[in-house]
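Undergrad: let me see the structure of the following:
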Amino acid sequence: MAAALASGLVPQARQWLQLHSSNITAVAVAVLSTGALLLLLVKAAQRGASGRTERRHRPEGWDIRFLDGLHHSQFEEAVRDLMRRDGAHDAVRVGGAGDNGADVKGTDPAGRRWVIQCKHRRAGAVGAAVGTPDLHVLNGTGRPVHGGDIVVLVTNGRFTGPAITFARSQRLHLVDRGLLEQWVSSSSPLWELLPHLPAPRRTSRRGRRL
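TA: From the prediction side, this is the model:
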């Protein structure tokens with residue numbers, strides 16, 4: 001918007017200067033005013049871009065529609081930020097070429113290592129369902145390669161019936177659109193929303209599990 005306004009203002013300012021070139025004071029005032037206006041417009045555009053970036057990295061106020069509009073790499077970053085929000089402060093995004101089926105990894109406050117694969121669907125619930133092939137990859141690397149205690153696949157879409165059955169048989173955890181929306185909109189960490197998680201790793205000084 002700032003660029004569009006500038007492209008319209010600059011020719012008008014040049015034309016005005018040509019008509020009033022004999023009035024030096026007026027010319028100086030016009031030049032300074034135009035420059036100040038352009039500077040304000042640029043700063044406003046920068047603040048808008050900064051606000052959008054800050055919102056993307058702050059889970060407060062997110063909803064499922066916001067996640068739908070992200071690029072798949074931004075979706076992975078969003079899952080990482082949600083993990084950090086909940087207390088997995090070492091959560092990192094590792095997705096990309098050669099990620100061996102993991103997009104986000106982190107440790108929860110109970111000392112359990114989380115390995116998460118993310119599948120983003122632009123069309124949300126009506127997009128292609130996540131099937132067993134994606135789970136086969138995650139199941140083959142989540143524990144033996146990445147050392148995960150809890151292995152999860154997160155999507156803003158849905159899973160096929162066979163994928164759900166396979167996940168149950170292999171102790172894989174699924175976060176579909178409904179559960180993701182609950183995770184995003186509530187203050188509850190994911191480890192309080194998923195059932196049948198392994199026991200905490202960390203113990204107290206007296207040897208009791210936390």
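
Undergrad: phi first, then psi, for residue 180.
TA: phi -60, psi -40 (degrees, to the nearest 10).

Undergrad: could I get the pLDDT score of the nearest residue to it once chain neighbours are set aside?
TA: Closest residue to residue 180 apart from its sequence neighbours, by C-beta to C-beta, 6 or more residues apart in numbering: residue 156 at 5.8 Å. From N, CA and C alone the C-beta is placed, and that goes for glycine too. Residue 156 is assigned 98 on the pLDDT scale.

Undergrad: cool, and the one 4 residues further on?
TA: We have a pLDDT of 98 for residue 160.

Undergrad: who's in contact with it?
TA: Residue 160 makes contact with 129-132, according to C-beta atoms under 8 Å, 6 or more residues apart in numbering.

Undergrad: circling back to that earlier point, separation between the residue nearest to residue 180 and residue 65?
TA: 10 Å (C-beta to C-beta, to the nearest Å).

Undergrad: so if I had to pick from those two, which one is more boxed in?
TA: residue 156 (26 against 10; other C-beta atoms under 10 Å).

Undergrad: relative to residue 89, how far out is that one?
TA: With distances taken as C-beta to C-beta, residue 156 is found 24 Å from residue 89.

Undergrad: again with residue 130
TA: Going from residue 130 to residue 89 by C-beta to C-beta gives 28 Å.

Undergrad: and for residue 165?
TA: Distance from residue 165 to residue 89, counting by C-beta to C-beta: 35 Å.

Undergrad: what of residue 138?
TA: 24 Å.

Undergrad: between those two, which is the more surrounded one?
TA: Regarding residue 138 and residue 89, a neighbour count based on other C-beta under 10 Å identifies residue 138 as having more, with 26 against 12.

Undergrad: for residue 201, what are its contacts?
TA: By C-beta under 8 Å, 6+ apart, the neighbours of residue 201 are 110-112, 149.

Undergrad: burial measure for residue 82, as a count.
TA: With other C-beta under 10 Å as criterion, residue 82 counts 22.

Undergrad: any stretches of the protein with poor pLDDT?
TA: For the chain, applying pLDDT under 70 flags the ranges 1-14, 16-18, 20-58, 202-210.

Undergrad: and it, what are its domains?
TA: As assigned by automatic domain parsing, the chain contains the domains 2-56, 64-193.

Undergrad: what's the most buried one of those?
TA: For these, the largest average neighbour count (mean count of other C-beta atoms under 10 Å) is found in domain 64-193, namely a mean of 18.

Undergrad: ok, residue 119 - contacts?
TA: 130, 134, 153-155, 157.
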